[in-house]
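Q: Provide a 3D model corresponding to the input given below.
(2 chains)
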Amino acid sequence: GQQVMQIPQYQHVQEGEDFTTYCNSSTTLSNIQWYKQRPGGHPVFLIQLVKSGEVKKQKRLTFQFGEAKKNSSLHITATQTTDVGTYFCSSSGTYKYIFGTGTRLKVLA
Amino acid sequence: NAGVTQTPKFQVLKTGQSMTLQCAQDMNHEYMSWYRQDPGMGLRLIHYSVGAGITDQGEVPNGYNVSRSTTEDFPLRLLSAAPSQTSVYFCASLRDPSGGYNEQFFGPGTRLTVL
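A: Numbering: from 1, shown residues only, chains lettered A, B, ... in the order given. This next block holds a predicted model:
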């Protein structure tokens, strides 16, 4: 079935450094969603991308959807301690949602 | 709105016991789903429902049953608990998956340990 791979699995950064997580699929994705899960919490929706080559920004976060719609990235500029958590990508098939394995971000103050 | 609520927050079972994890949403969402989250494996879909009376299997349905008698409630039943079912379980809802906007709202989770 459809699979979504996410890298890296872990990332430790100094506060103020940038961070990027990547989501890759072997098949074309109809859409992609990004979620953030704080330690001990539940996933919270960040954004959805649907168009080839789409780029969206939310303050220090930049989301991209690849031209072939097989990959996506989330980039955080100048990380802050509030960015700590696990970031997941997700995509939908016919009513079935698959999630990447997540990237756990630690920010060292 | 309370959003998506789950009970209990924590549960310890012995192998072979059965139990029901409760999930409710007050947003009148058509779609509801159950996921389990294990370290290093992300979220895996167990069962989902596109409306009252309609359920279907996800990626890892074995050992679990669901029903959807109302729009609001979507309980998950463990028939005979096994240690492999030790996990964190999340319920989620979404307004209308056919509408093209796929924002899922997650409950706070149930942490289940099977001894």
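
Q: so which bits of chain B are right by chain A?
A: Contact residues (C-beta under 8 Å from any C-beta of the partner chain) of chain B with chain A: B:31, B:33, B:35, B:40-45, B:48, B:50, B:56, B:58-59, B:90, B:92, B:97, B:100-109. Every residue, glycine included, has its C-beta placed from N, CA and C.

Q: which stretches of the chain form strands?
A: No chain specified, so I'll use chain A. Assigned strands in chain A, in chain order: A:4-7, A:10-14, A:19-25, A:32-37, A:43-49, A:55-58, A:61-65, A:71-76, A:85-92, A:97-99, A:103-108 (criterion: DSSP state E).

Q: please refer instead to chain B.
A: Here chain B has its strands, by DSSP E, at B:4-7, B:10-13, B:19-25, B:31-37, B:43-51, B:54-57, B:64-66, B:76-78, B:87-94, B:105-106, B:110-114.

Q: just name the most buried of these.
A: strand B:31-37 (a mean of 25; mean count of other C-beta atoms under 10 Å in any protein chain shown).

Q: contacts for stretch B:92-104?
A: A:31, A:33, A:35, A:43, A:45, A:48, A:50, A:90, A:92, A:95, A:97, B:4, B:25, B:27-35, B:50, B:74, B:105-107 (C-beta atoms under 8 Å, 6 or more residues apart in numbering or on different chains).

Q: swap in 7 Å and give it another go.
A: Stretch B:92-104 is touched from outside by A:31, A:33, A:45, A:48, A:92, A:95, A:97, B:4, B:25, B:27, B:29-33, B:35, B:50, B:105-106, with contacts defined as C-beta atoms under 7 Å, 6 or more residues apart in numbering or on different chains.
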